[in-house]
Structures are given as C-alpha cells and as structure tokens.
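K.L.:
Sequence plus the predicted model coming up.
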Amino acid sequence: MRNRYLLFCVLWLSGLGAVSAQNYPSLERFGRNRIQYQTFDWKIIRTSNFEIYYYQDGTQIANLTAQYAESEFDRITELLGYTPYNRIKIFLFNSPQELAQSNIGLNGQGGLSSRERDLSKSRVELAFTGDQVSFRREVIRNISMLFVYDMLYGGSLKDALQSSLLLTLPDWFMPGIAAYIADGNSVELDDYMRDVALTRPVRKPSLLSGADAERVGHSIWNYIVQKYGRDNVSNILNLTRIIRNEQSSISSTLGIPYSRFLREWREYYAGMAGSVAQAYRNSTDNFQIKVGSAESRSSLVSLKLSPDNQFIAYTVLRDGKFTVEVVNTTNSKRTSVLTGGYRLDGQANLTTTPLVAWQRENNLLVLTEEKGRTNLYQFANFEKRPKQEFKRPVVGLSEVVWMDASDDGGSLIMSADRNGQNDLFLYSINRGSYQQLTNDLYDDLYPQFIGRTARQVVFSSNRRYDTLGVDKGSYRSIRDQFSLFTKEGGARDFSLVRLTDSLTNAYQPIPAGESTVYFLSDMGGIRNLYRLETESRSVRQLTAFAQGIRMYDLNTANGGFVYSSLKNGDEYIGFRSQLDLTQSVQAPPTQRTVSIRRANPLSSVPINSGQTMPVTTAPPDSARADSTRAVADTSITNRTVAANGGQTALEPGEVDTDNYQFDPEVVKAAEYRQRRSTAGIPALVSSAPPRNRRRENITIRGPFDYRGLFSVNDATSNWLIDPIRGFGFAQDVLLTDLLENHVLRAGGFINTTLNNSNLFAEYNYLKHRVDFGLRADRQTLRIPDDGGLNQRYRYNRFALSASYPLSVNSRFTVSPFYAITRLVDLTSFAVPDLVSDYAGLRTEFVFDNTNINGMNMMVGTRLKLRFDEFAGLRSSSEGFRRLSLDLRHYQRLHRDLVLALRFSVSQSGGPSPKQSTLGGMENWIGANTKDPIANNPLRVPNTVPNEIPYDYRDVFFLDFAAPLRGFRQGKLTGNSHMLFNAELRLPLVRYLYRGNITSNFLRNLQLVAFTDIGTAWTGPDPFSQNNLNTEIVGGGNIPFRAVVTNFKNPFLIGYGAGVRTMLFGFFVKFDYGWGLEDKVVGKPISYLTLGYDF
C-alpha cells in the first residue's frame, strides 16, 4: 500500500509539471507574430521521397527543388548510412522576405524549438536565395540536417521529445555534418579555420554555439573524412544513436582517445594556416571598421566606394533589421542613412538587400525590400547632412542580388530573380521599367557597366556557352564554376564574349575601360584580387591576403580600394586610399589546393605566381558550341589545361606548382590521408563530397491543390492545482493545418471530485495581415452541502478577436465578447437562479522580443497592456472595468547569469469593481493554508465571517497576483494591486562548466535569489483609508463606534532563495522565503511548485 502511495505521488508530481508550465493563471500568453503582406495560393508536387509545397510564380523553382533533392538523396543517405521512413515535406518560398511571412512553427508548444519541431515533423522551410548554386546548397544542407535529426532523435514529435531528454549533443555536431554534406572541403571553410587557428584557437568545440559551432563542426567532419575516410561518418552517427554520447562514439570508431582526436584536429588546421601565414601578408589599410560577427548575427550585405574616394557606403543586416551607413574616409565619421526591417528572431535570413550603388556627384542609390515591396531610394548631400531625393517602387522582380549604376546615372544593371531564375535586367530609373537581357536557368551575378554608356556589361556566370538561347539549362547542367563574360547591346543580341576559362572561379568583376577587368578568384586557394588584360588574355595577381576577400570595390582611376574580410571571428571593412594596380605579387597555393590537385591529376596545372599568364582558349567545336573549349562538368576549380599536352608554358618568374616543394612531413601526412580515405577527396573544391550517386530519372507528379486538413500538432495531459477548485486533471489539444494558417485549440480541466471543471475551444485564422479568432469558455464551480450551502456556479464567455501585428514583436488586439454568470441553488428549486450577463470589449497591446537561451532562461522584454470593459446588460450596477499591465525584462549580466524583473499592476473600477488577491505562489503543491481572513476570496465557502456569503460568482473575475513569497495565499485583497518581482538566476553547472552537459538535472540546475514587493488595496492609492490600514473599533453591543487609521505600511516584502531543475522530466521549483510586514519578519515558508518563469 505504501509503495502504491509513493508511486501515485511521483506520477502526480510529474504530471503536474506538464500543465503548470503552460496554464498558470497569471502566465500571460505573449508570443511573436508573423506579418502577411501577400496571399499565397499553394500547390503540391510529389516525388518518391519528397513533397514540395509552393505557390504562384514558383512552379519552375519547385520542380528544380524536387530534382535537386531527389538527385542528392542517394548520396546523402549513403554517406549517413540511414534512410528516413517518412516522405519529406519542403515548403518553398519565392524569397526570404516571403518566408518571413510563414506561420509554420509559430504555434508550437512543448519543449522543442521551432526548428526542432520542423525537423521532428519531417518538414523543411526554404526560400529561393536568388541564384541556383547557393539555393542548391541550401536544399542539400536542410535535407541533410533533417535526415541526421531523424536518425538520432526519431521520426515523430513524441520520439523527439523523449530522445531530447536522453540525448544531448553539442551544437557543432548535427549542423556541422549537414554543412559538410552541402559544402564539402570548401574555400570558405578553409578561410574560416585559418582565422581560427591563427587568432583564436578552439580548445573545446562543445562551448561554441550558433554559426561558429556550425563552422567548427563542419571542419571536424571534414577532418574525419580527409584523415579517416567517409565510411566513418555513418559509423560515428550510428554509434551515437546507440550509446547517446558523441565523444565516446568518435573515440570508439576512430580508435583514439577523444582528447587526442581534438588535438590532432587542431594541429591539422594549424599546420595549413601556418604555411599560409608565412607566404601571404596582411593588408596595410588606412583604417578598418568592424561590421559583423556570428555572435551578433550580423553580416555585411553590400559595399561600395564613392567615385572620388570620399565616402564608403555599406549595409549591415542584423537578425532581419538593416542599416545603411556612409563613412567619410577623411575623418572616419559614420552617418546612418536608412534603417528598416524587423527582427526575425531565429528565422532563416538569407536576404540580399539592401544594395547600394554610387552615382556621379556622390549620389547614393539604395535598393531595399520593405513590407513585401522593392523600393529604390536616392540620397545626396553627404558633405553636410544626407537628404532623401526620391523613393520609387521597383515592380516585377522578386529578389535583386546585385546592382550597379551607369555613369550617367540614368540606368541600373541588376542581377535579379524572376519566376525562379536569376537573370540580368537593365533598369531605367527615370521610366521605372526594365529590359531583360538574359533568360535562362544559369546564374548571372555581379554585373557592372563598362565605360560611360549603359550598352555593355561584364558579369560572372556559370553558363557553359557564350551564346544566349542555345542552352536554357537544367538541374544537371548547373555548375559551381563561374567565368567572366561581357555582353553588348539589348535583349535581342544573343552573343557573349568569354573573358576567363570555365575552370577558374571568377567573381565580382570591375572593368577599367574596355581592355582591363579586375576580379576576385580563389585559384590559389584564397580569394584575392586579380587583373585581367582582355586583349592579351593575361592575368596578374594584385593581392596576397592571408584571409580571403569577401566583398570589395575599386576605383580604377585613382586606386581607391575597400574590401571586407574575416578577422578574429568578425567581419571587417578595410580601406586603402591607393592600391598599386600595376604590382604583381607572388603567392604559393594553399596546402588544401595542392592536396586536391594531387587527388585530381586534371587539376595539376600551374597557377599564377605573380607574373602574367595567358588565359587559354580553344576553337569552337561546332556552330552551336562555346567559343572556348567545351569542358565537362568535372567540378574542378582550377585553371584550364592547354591543348598541347595538358601543360602551359611558363613565363619567366612563374612557379610550376607540380614541382612546388612543401614540408616533407606535411606531404607525408597528406598522402597518408589519401590512403586512408575510402572514396577520395571531394571533386568539388567549393562543394560537397563526390556526387557519383545521382538519380537521373526523376518522376514528378502533380501539381495538386493544397487542402488544409487539420492534424494534431500537440496534445498534453497534465495535472493542475487551482487555488479555488483544487487538484485536478487537464487536457489540451492543438490542431493545425500544415501551413498553420488555421489553428484550433481545445481543452479542459476537471478536479478530482468531478464537480468543478473548465472547458474551452479556440479557433484562429492567421492567413492574412489581420489575425481573426473565435473563443468559447465554460467554467463550473460546485460548493458542496457544507454549512447550509449547496450551490453550482457557471460562467460562459464567447469572444471574437481581431489582431493587427505592428511588427513581429508587437500586436494590437480588439476583442468584443459576451459573458454570463449563473448561480443555481441546489437546496431549493423554488429559489430563482441569480444571473448576470455582460457585453464587453477587450483591447490589449502585446510586445515580446525575448529570446530563449535555455530552460527558464530568457533575454529580452515582454509587455502586455490590457483594458477590459464589462457592461451589465440586466443592470448597469453590475458593470465594471479593469486596466492591467504586466511588464517583464530579462537582463543578461554575465554569460548565463540573468536578472529577471517583473512589474504588474491592476486596477478595477466601475459600479461593481472586482477583486485582486495577493500572496503565495501559483500551482503550489501543498497549499492548504490560505490566510483565514474575512475578505479572502480564495476561501470558498468562507466560514470566517459571522454571516456566510451567499453569492460567490465574483470568483470568475478574480485577479490572482503572484508570486509574493513569504506569505500565504490571499494575504491581501483589494480592487487594485501592485507587484514587483526580482530574481537573480544562476544556472550553476552551465555557468561553471562550459562543456556539453548530458544530464538534464545538472544542465538545468539553477540557484535563485529573489525579492518580492507587493500590495493590494481598495481606494485611490495604497496609502488611502482602506481595509489594510483602517480599523473599526466598537459597534455591536458597544455603544460607541470609531474608525482608527493605524498608518501601517501597505507594502509586503518577501525575500529568500530557491533552486530550480528538471525532475522526472519536468521543471520543478523550490523556494524558501521570509515575509516582512510592517517591519516585522515572519516565519519562513517553503514553496514547492512546478512551472517556468515567475
């Protein structure tokens, strides 16, 4: 019998926590919003393993997504050693701005993040990035991430929730393998790890989070493949799924201690970085500006230098909010020109705007995406105070990724997306119209005008042929190699001129007249600046920076040079007033490049070493062929091979990298890695592992109309302690359609006596800008036959609502409603029911910009301001109103140490004002001691007064303010209350130990120091004559009656300490507090509660 009792207690405690975390009476629903500027008509296409959901103007990119996903399916599953059981759902959006309008993940409950819920439901949200190459990588990255999550955590939401309690992986593990599958041994990875090795060595990868964790994880998996072979990837993943520890899995699979594995991983990248540091050099800049970092989730979007070198214009994107700034190169003074956007709070953010371009006389053009529209601004007068000249809409283009202004200022050349493909567009600023110059699937990026007219442009493209219209492109022909082309004339001129070969990546061309083009290339392993003479077809390297140039601008007339690169983990802008454009530098290839050429003999050709080198071409094979040698899709990033024997004659001073001598130990280590690798080094320098397993015959079925069928999104069964109804059972069900535009919630509560219950049903329609809702509530309260009372109370409420999101963080809601209360006297049916009904209006403003950093760990601010007006329909004397404010702020003090503050105030007025009660904590286990005072509304029925009250219907309108620790529930009561709470939250183990913590108990263990200050009163203010500081002496049998004001301090103060942690899978709080009342400290009271926050 005793064992059964203990078992029941354990189940009771664990079940209680599930609902207490979500259904506290004062735990207001804050939350964020999504803003819809457009209406989407969704369609579906299906393949063997995927379902693609898309809408208007997305047919082409939807078919390409299906082909990309299916063609990579076998390669990904072979590498992982796992095939998912469910068909993957991909929700495709035409642009990142339209993805930000999605409601998917907004209505999540439970203990998983929005991304984890998407992964557990086998669904992926993708936005077309503006070009095919980066979009294909995003498709592969997201699919790989989902496969790994499904492999390790299970294929359902239930499995994911259960596995998350048993398996805790560091942030580098899953995102890292997904990044490796998508990008392979890329130039960007090599650049990042060089910065890590030289400036900020990582001792423990488990301490990292966010983008840094993903990149370091990418490097770890790349190192495993390079040294130990691709087969060990699936071995490590499968062993991690079994033993639930990534360190033991790596150690057991590779046969070395984990500490040694990390040491050798660091040495691997440090060795490559050391050789680069000796051979390359840093830029000598006039000044540098820090503009972005992974920690602040900020990145540089566009960078331009004014024609006279006087100003630098750049745009920075920080979690969805952008800033356009201009820097005076003379005094380094910054001026903010334009700000906009809104916080995305973790949503995917791959937008390519705002873009900037300079015109003559230092006029600045800014292209932005705002509220679903593309706008073009012009600013002038930067010498004094920037002035906006005009703002014009740009219609018809979905995603502009690059632009340049002509010298006359009347035209723009744009690289933009239209109907799912990237093309070139000539845009007339004055007429507001554009002309499409290219029309195929290939990416045409970084266009720049040549000369003073707008008739000739140079751009970078991954197309094979130099004749437009010959090849429209397909998913099979999209390559990662970009060459330089020029185009002259309008849309009817189909001829192009190829400037560089198709085996050398060339980006961001800037012409200097018609005979010279400057561009970026990674032919030596690091992206640096090169100069191309178009007549002689010779290339000269101008810079040899140890860190690759990400973005740059160059004034070819005066040598002004501005660029961005990685430094100490942050992105910096560097400015040099005059770059020597005639110099020629020598720089050997990186060790990574040499290793790839050893594995791919076709790529073993000389590289520019500082002297000129001709760019080889070959005669056309036929009338329809490219004018240069037609190169198969070998996915090799290198210079083309000459036709005469595969070798190019070396000019004086050039270096033959086939015979370039490296450290013998380094070469020996590289050869050892090649012997150990089971599948060789990836063919793509900047892409993924070998793609020799591709599905060629892909069947696409559809399109089909989308039908918004409801499915269960979440369901919780819980226990709850109501301060009046007592202990009971609660059930909550959440149903949504796949897009989560239609949300249905229903649930109820019933206590153990089966006499008291709550029922509710709520529907929300979130498809458009204004969110509409409908809700019905029913509550019952039964007072048993005790002391002459046998009553049943009922409360019903029906409400409509309309919410207008002001931003993703704020909204304004108006909700008309009808409410009715009824008292039924069960002792005598002759007594008529007491009925009160109300027509009312609720208005509220909600703001929430908090970010969740862990269990009960938030940073940011939440606010809810609400006004309720209840108008009595049967009698105006029954009406009342209530104004309330709930403000919470969570401030990070140091690392995970957080100071949580809360201020709440409420005041009720009108003919029949309702009460607020203060004291104790909510969902308090063992809260069987309420203050036995006559006006305690929590004591139902209240036998303390001489006369038992007959009507308790006001309990349905009671405002239960908590916590006020150190006191019992119902300590103070009044028509108004004010409460301030402060908690210093220290996650002890996480704060002291920065490694990966597998124990839920230790990982979520928090020590808390708190103080609570509150009061409740009836009257104009807490110090007025009211029930707290006013006593009535005499009356009754005493012939004299007096009113005495005792000047008692109306504020109660509680203070103490507590501990929080996960127990039995639920968040448990224990607090021990003292109460200070009128300078007297009372006996301490202990509180055992369940639930988050206050």
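P.N.:
Received the coordinates, thanks. Numbering: from 1, shown residues only.

K.L.:
need the strands for the stretch 951-1094 of the chain, in chain order.
P.N.:
Shown for the stretch 951-1094 of the chain, the strands assigned by DSSP state E, counting those that start in this stretch span residues 959-961, 972-974, 976-987, 1006-1017, 1030-1035, 1038-1045, 1052-1063, 1066-1077, 1080-1081, 1085-1090.

K.L.:
and the ones you listed as CSV, adding mean neighbour count and distance to residue 129?
P.N.:
(Each C-beta comes from the backbone N, C-alpha and C, glycine too.) Written out in CSV, the entries for these read as follows (neighbours: other C-beta atoms under 10 Å; distance: least, C-beta to C-beta, whole Å):
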stretch, mean neighbour count, distance to residue 129
strand 959-961, 23, 49
strand 972-974, 25, 58
strand 976-987, 21, 37
strand 1006-1017, 21, 40
strand 1030-1035, 12, 69
strand 1038-1045, 9, 71
strand 1052-1063, 20, 39
strand 1066-1077, 20, 39
strand 1080-1081, 10, 63
strand 1085-1090, 21, 44
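
K.L.:
Ok, which of the ones you listed comes nearest residue 366?
P.N.:
Taking C-beta to C-beta, strand 976-987 is the member of the strands of the stretch 951-1094 of the chain nearest to residue 366, at 42.5 Å.

K.L.:
now the angle from that closest one to strand 1006-1017?
P.N.:
Between the axes of strand 976-987 and strand 1006-1017, defined by axes from the mean of the first three to the mean of the last three C-alpha atoms, to 10 degrees, the angle is 170 degrees.

K.L.:
could you dump strand 976-987 to PDB, C-alpha only?
P.N.:
These are the backbone C-alpha positions of strand 976-987, laid out as PDB (Å, rounded to 0.1, in the frame of the first residue of the first chain):
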ATOM      1  CA  SER A 976      -6.200  47.100  -7.100                       C
ATOM      2  CA  HIS A 977      -2.800  45.500  -6.700                       C
ATOM      3  CA  MET A 978       0.800  46.300  -7.500                       C
ATOM      4  CA  LEU A 979       3.600  43.700  -7.500                       C
ATOM      5  CA  PHE A 980       7.300  43.800  -8.200                       C
ATOM      6  CA  ASN A 981       9.500  40.700  -8.500                       C
ATOM      7  CA  ALA A 982      13.200  40.300  -9.000                       C
ATOM      8  CA  GLU A 983      15.100  37.000  -9.400                       C
ATOM      9  CA  LEU A 984      18.800  36.500  -9.900                       C
ATOM     10  CA  ARG A 985      19.000  33.300 -11.900                       C
ATOM     11  CA  LEU A 986      22.300  31.400 -11.900                       C
ATOM     12  CA  PRO A 987      22.400  28.100 -13.900                       C
END
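
K.L.:
what lines up beside that strand in the sheet?
P.N.:
Each strand that pairs with strand 976-987, with its direction, by DSSP bridges: strand 897-909 (antiparallel), strand 1006-1017 (antiparallel).

K.L.:
Nearest to residue 1088, out of those strands?
P.N.:
Evaluated over those, closeness to residue 1088 peaks at strand 1006-1017, with 13.9 Å, by C-beta to C-beta.

K.L.:
mind listing what the residue lying closest to residue 358 once chain neighbours are set aside touches?
P.N.:
On the basis of C-beta to C-beta, 6 or more residues apart in numbering, the spatially nearest residue to residue 358 that is not a chain neighbour turns out to be residue 306, at 4.9 Å. Residue 306 makes contact with 312-313, 358, 362, 364, according to C-beta atoms under 8 Å, 6 or more residues apart in numbering.

K.L.:
Who are the contact partners of residue 1087?
P.N.:
When contacts are counted by C-beta under 8 Å, 6+ apart, residue 1087 touches 920-921, 924, 963, 965, 1058, 1069-1073.

K.L.:
now do 6 Å
P.N.:
Taking C-beta atoms under 6 Å, 6 or more residues apart in numbering as the definition of contact, the neighbours of residue 1087 are 921, 924, 1071.

K.L.:
Please report how far it lies from residue 983.
P.N.:
Between residue 1087 and residue 983 the distance, using C-beta to C-beta, to the nearest Å, works out to 13 Å.

K.L.:
Same question for residue 876.
P.N.:
Between residue 876 and residue 983 the computed distance is 43 Å (C-beta to C-beta).

K.L.:
So if we follow the domain assignment, how does this protein break up?
P.N.:
Per automatic domain parsing, the domain ranges recorded for the chain read 2-26+712-1090, 36-166, 282-637.

K.L.:
could you dump the ones you listed to CSV with distance to residue 201 and mean pLDDT?
P.N.:
Supplementary listing: the domains of the chain in CSV, determined by distance: least, C-beta to C-beta, whole Å; pLDDT from 0 to 100:
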stretch, distance to residue 201, mean pLDDT
domain 2-26+712-1090, 15, 82
domain 36-166, 26, 84
domain 282-637, 12, 83
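
K.L.:
can these go into TSV with extra columns for distance to residue 200?
P.N.:
TSV is the format used below for the domains of the chain (distance: least, C-beta to C-beta, whole Å):
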stretch	distance to residue 200
domain 2-26+712-1090	15
domain 36-166	25
domain 282-637	6
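
K.L.:
Residue 197 is nearest to which of these?
P.N.:
Taking C-beta to C-beta as the criterion, residue 197 comes closest to domain 282-637 out of those, the separation being 11.1 Å.

K.L.:
before we move on, back to that, now render the strands paired with strand 976-987 as JSON lines, adding distance to residue 198.
P.N.:
Formatted as JSON lines, these follow (distance: least, C-beta to C-beta, whole Å):
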{"stretch": "strand 897-909", "distance to residue 198": "32"}
{"stretch": "strand 1006-1017", "distance to residue 198": "38"}
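
K.L.:
Residue 134 in helix, strand or coil?
P.N.:
Three-state assignment for residue 134 (DSSP: H, G, I helix; E, B strand; the rest coil): helix.

K.L.:
quick one: it and residue 417, what's the gap?
P.N.:
Per C-beta to C-beta, residue 134 is found 12 Å from residue 417.

K.L.:
Same question for residue 926.
P.N.:
Using C-beta to C-beta, we find residue 926 at a distance of 62 Å from residue 417.

K.L.:
can you check residue 793 too?
P.N.:
Distance of residue 793 to residue 417, computed by C-beta to C-beta: 61 Å.

K.L.:
Look at those two and report which has more neighbours.
P.N.:
Neighbours were counted for residue 793 and for residue 417 using other C-beta atoms under 10 Å; residue 417 has more, 25 against 22.

K.L.:
Would you confirm that that one contacts residue 130?
P.N.:
Yes. At 5.0 Å, residue 417 counts as touching residue 130 under the criterion of C-beta atoms under 6 Å.

K.L.:
Could you name every residue contacting both of the two?
P.N.:
Contacts common to residue 417 and residue 130, judged by C-beta under 6 Å, 6+ apart, are residue 399.

K.L.:
And for residue 259, the neighbour number?
P.N.:
Other residues within reach of residue 259 by the criterion other C-beta under 10 Å amount to 10.

K.L.:
Quick check: the gap between it and residue 990.
P.N.:
Here residue 259 is placed at a distance of 22 Å from residue 990 (C-beta to C-beta).

K.L.:
Kindly report the same for residue 868.
P.N.:
According to C-beta to C-beta, residue 868 stands 41 Å off from residue 990.

K.L.:
ok, now residue 261?
P.N.:
Distance of residue 261 to residue 990, computed by C-beta to C-beta: 24 Å.

K.L.:
ditto for residue 561
P.N.:
Summarising the geometry, the distance separating residue 561 from residue 990, computed by C-beta to C-beta, is 45 Å.

K.L.:
And residue 721, by the same measure?
P.N.:
Plainly put, residue 721 is 30 Å away from residue 990 if you go by C-beta to C-beta.

K.L.:
Repeat that for residue 293.
P.N.:
The separation that residue 293 has from residue 990, given C-beta to C-beta, amounts to 22 Å.
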